[in-house]
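# Predicted model, plus sequence, below.
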Amino acid sequence: MKSTEHLHHQIARATSRLAQLQAQELIVEQRKAVRARAEARRASERRKRLLAELVFEAGAQDLPDDEIVGKRPPTSPSLSF
């Protein structure tokens, strides 16, 4: 009987330890995901700042936004080919 209790206790400890390790692993993965999203956001912001600087250096800051980004006005349906 004592042997069975001992085995049940070992299984309970091992199960508890496994749950702790899985929780730690989940936290590590979540932190990695947060860091990756933050890095992507920073890279996007750097690119936007660089593009803004290029627009100013080219003297194009007074142009309409649509012209800067290359949008064209919609064409008339009768003129489309």
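Arrived safely.

# mind checking how far the helix ranked longest in the chain is from the chain centre?
For the chain, the longest helix by residue count, based on DSSP state H, is helix 2-57. With CA atoms, centre = their mean, to the nearest Å as the basis, helix 2-57 stands 13 Å off its chain's centre.

# What's the first helix or strand after it?
Sequence order places helix 65-69 as the next helix or strand after helix 2-57, per DSSP states H and E.

# Check the offset of that next one from the chain's centre.
Put simply, helix 65-69 sits 28 Å off its chain's centre (CA atoms, centre = their mean).

# What average pLDDT does that helix get?
Taken as a whole, helix 65-69 has an average pLDDT of 83.

# going forward can the numbers begin at 724, since that is how I track them
All right, first residue 724 from here; so that's helix 788-792.

# Now the longest helix of the chain: average pLDDT?
96.

# In terms of secondary structure, what does that helix contact?
With contacts taken as 3 or more CB pairs under 8 Å, 6 or more residues apart in numbering; DSSP states H and E, helix 725-780 sits against no other helix or strand. In short, each C-beta sits where N, CA and C put it, glycine included.

# The same query, at a cut-off of 10 Å, please.
On a contact count with 3 or more CB pairs under 10 Å, 6 or more residues apart in numbering; DSSP states H and E, helix 725-780 meets helix 788-792.

# what sits up against the helix it packs on?
With CB atoms under 10 Å, 6 or more residues apart in numbering as the test, helix 788-792 has contacts from 774, 778, 781, 783, 784, 785, 786, 794, 795, 796.

# Same list (the residues you listed) but as JSON lines, adding neighbour count and distance to residue 732.
Below are the contacts of helix 788-792 laid out as JSON lines (neighbours: other CB atoms under 10 Å; distance: CB to CB, whole Å):
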{"residue": "774", "neighbour count": "12", "distance to residue 732": "63"}
{"residue": "778", "neighbour count": "14", "distance to residue 732": "69"}
{"residue": "781", "neighbour count": "10", "distance to residue 732": "74"}
{"residue": "783", "neighbour count": "11", "distance to residue 732": "74"}
{"residue": "784", "neighbour count": "10", "distance to residue 732": "73"}
{"residue": "785", "neighbour count": "7", "distance to residue 732": "78"}
{"residue": "786", "neighbour count": "12", "distance to residue 732": "76"}
{"residue": "794", "neighbour count": "10", "distance to residue 732": "70"}
{"residue": "795", "neighbour count": "7", "distance to residue 732": "75"}
{"residue": "796", "neighbour count": "6", "distance to residue 732": "77"}
